[in-house]
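In: Task: produce atomic coordinates for the following.
(chains A, B, C and D)
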Protein chains: 2
Amino acid sequence: MVQFVMLQAPPRKDTRERLLEAAEAAVLAKGFAATSIDELIAAVGITKSGFFYHFKDKADLAKAMMLRYLEQDKALLDSLFDRADELNEDPLHGFLVGLKMFAEMMANLPANYPGCLAASFAYQDTLFNREVCALNAEGMLAWRRRFRERFERIAERYPPRIPADLDTLADTAYTLAEGGLILNRVLKDPTILPRQILQFRDFVRLLFAPAG
Amino acid sequence: MVQFVMLQAPPRKDTRERLLEAAEAAVLAKGFAATSIDELIAAVGITKSGFFYHFKDKADLAKAMMLRYLEQDKALLDSLFDRADELNEDPLHGFLVGLKMFAEMMANLPANYPGCLAASFAYQDTLFNREVCALNAEGMLAWRRRFRERFERIAERYPPRIPADLDTLADTAYTLAEGGLILNRVLKDPTILPRQILQFRDFVRLLFAPAG
DNA sequence: AACAAACTGTACCATGAGTCAAGTTGCACG
DNA sequence: CGTGCAACTTGACTCATGGTACAGTTTGTT
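Out: Numbering: from 1, shown residues only, chains lettered A, B, ... in the order given. As a prediction, this is how the structure comes out:
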């Protein structure tokens, strides 16, 4: 009696992660609602039930995507500005270095569908429950806190040339990032976002650096 | 024999426009794919076949939405900056007035789902055909041209304090608008975008206005 | 009376979310 | 060594929805 064993692929530990990866690419390309579970499992090579083993339902997938995004986002910012701080004792110079590195990083984004889940989710927010929306908001507030803290240290040593609202200044980073990604994408010109960031850097320098 | 006549509502000439209006609200809330034709006709009070009288298919609806958006967008910018120009002979002062009016307008957006179709479509671009995407890009380039022209006139009379790329400067308007709308929406704080614009205004003044 | 514009009613079919019961594999523990 | 459990996967199924086609109907206009 012949036995067909091992036709089944061996269980892979990273299936969940690969699903999230495929989902992110698809959602950035066409949105959450248009991203079908069928296409995700086809990309990863499992069956539908396999998907529902990893995620309770599609809403659960959304939440996992958001968490993954926030994690990566935090890691990115950490690596960027903590390193810039180490290199420079002066808060203004350290920040300017950080912004330059940020611009360079944004210039080297993956070519295919660069974009930000936060923005994609923002424009489809009625599809998600309160929890996911709150996570998104929390991510933005984290940027604000992080940047605001730095501007406070800078303003302490270098009084701004004109009155400046530090929260607004802090939000500019995220604002330019989201807006720049949209322009990048629609105009198919990856230089737009980095140039916006470098221009913001000019503004910061103009605002805080002693005249001369 | 009883006859039930006139159960059918009389044909309304603005049905198409009302469909587009409902579609815009729905798309800004949950995206294009999640917006069903069923819900649109329910909102407007016609049947499915009525919808397909007005639009060949869903792609046709997308195109019409984009055209409508571009038209309104152009009208808004026209009314804004043409008026600011009339009021002021000096290009820099006129522009600063225009930016202030822009900020005020953005502070008084409709409360429900303020947002921009351009951004929503950008993050679902694989759903649309080349034509619609090209229209979107054309809208952005129109902003760039418009602002760049103004910055050229300003720079002619007021040499910038530091070297500035006028295209980048011009793109900042759209970038801040798109990014700011996203922050507004996620953080549920309608003051973010206007504050970003006013800060940009400060930058422009700092950049071009004679020191003193 | 005729015709076009603005619809209605009905039916079709693909897709997509989610369910269920069952199977397999690797690993921990007695 | 084997037994048992948890992680992982399969396949076949249901059920609702959504886009689309098409033929007929009403209304306003000439």
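
In: Phi, psi for A:Lys56 please.
Out: Dihedral pair for A:Lys56: phi -60, psi -50, per degrees, to the nearest 10.

In: ditto for A:Pro160
Out: Main-chain torsions, A:Pro160, degrees, to the nearest 10: phi -60, psi 150.

In: if I look at the residue lying closest to it once chain neighbours are set aside, how far off is DNA strand C?
Out: Nearest non-adjacent residue to A:Pro160, counting by C-beta to C-beta, 6 or more residues apart in numbering or on different chains: A:Leu207, 5.2 Å away. Placement of C-beta: from N, CA and C, glycine included. In this view, A:Leu207 and DNA strand C are 47 Å apart by C-beta to the nearest atom of the strand, to the nearest Å.

In: Off-centre distance for the helix or strand where A:Glu21 lies?
Out: Using DSSP states H and E, A:Glu21 maps to helix A:15-30. Chain-centre distance of helix A:15-30: 14 Å, with C-alpha atoms, centre = their mean, to the nearest Å.

In: quick one, what contacts the residue nearest to A:Pro160?
Out: A:Leu207 sits next to A:Pro160, A:Arg161, A:Ile162, A:Ala164, B:Leu206 when contact means C-beta atoms under 8 Å, 6 or more residues apart in numbering or on different chains.

In: Can you sort out which of the residues you listed also neighbour DNA strand D?
Out: Among those, no residue lies close to DNA strand D (C-beta under 7 Å from any atom of the strand).

In: I'd guessed A:Leu99 sits against A:Val204; true?
Out: Yes - using C-beta atoms under 8 Å, A:Leu99 is in contact with A:Val204, at 7.2 Å.

In: Quick check: can you list the domain ranges of chain A?
Out: Domain assignment of chain A by automatic domain parsing yields the ranges A:12-55, A:57-208.

In: Low-confidence bits of chain A, can you list those?
Out: By pLDDT under 70, the low-scoring segments of chain A are A:1-13, A:111-113, A:212.

In: how about the strands in it?
Out: Using DSSP state E, no strands are found in chain A.

In: in it, which spans are helices?
Out: Applying DSSP state H to chain A gives helices spanning A:15-30, A:37-44, A:48-54, A:58-87, A:91-107, A:117-122, A:130-157, A:166-187, A:192-208.

In: ok, is the longest one in contact with DNA strand D or not?
Out: No - shown here: helix A:58-87 not in contact with DNA strand D (C-beta under 7 Å from any atom of the strand), separated by at least 13.0 Å.

In: Closest to DNA strand D out of the contacts of A:Leu207?
Out: A:Ala164 (46.8 Å; C-beta to the nearest atom of the strand).

In: Name all residues that make contact with the closest one.
Out: Taking C-beta under 8 Å, 6+ apart as the test, what A:Ala164 contacts is A:Phe151, A:Ala155, A:Leu207, B:Gln199, B:Asp202.

In: any idea how far DNA strand C is from it?
Out: Distance, A:Ala164 to DNA strand C, using C-beta to the nearest atom of the strand: 46 Å.

In: now A:Glu17
Out: The separation that A:Glu17 has from DNA strand C, given C-beta to the nearest atom of the strand, amounts to 17 Å.

In: and what of A:Leu70?
Out: 22 Å.

In: Return the distance of that residue relative to B:Glu21.
Out: 35 Å (C-beta to C-beta, to the nearest Å).

In: swap in A:Val44?
Out: Plainly put, A:Val44 is 40 Å away from B:Glu21 if you go by C-beta to C-beta.

In: Give me the more crowded residue out of the two.
Out: Per other C-beta atoms under 10 Å in any protein chain shown, whichever of A:Val44 and B:Glu21 has more neighbours is A:Val44, with 21 against 16.

In: which residues does that one contact?
Out: Contacts of A:Val44 by C-beta under 8 Å, 6+ apart are A:Thr15, A:Arg18, A:Leu19, A:Ala22.

In: Grab the nearest non-local neighbour of it.
Out: Nearest residue to A:Val44 in three dimensions, chain neighbours excluded: A:Arg18, at 4.9 Å (C-beta to C-beta, 6+ apart).

In: Could you report the neighbour count for the one you found?
Out: With other C-beta under 10 Å as criterion, A:Arg18 counts 15.
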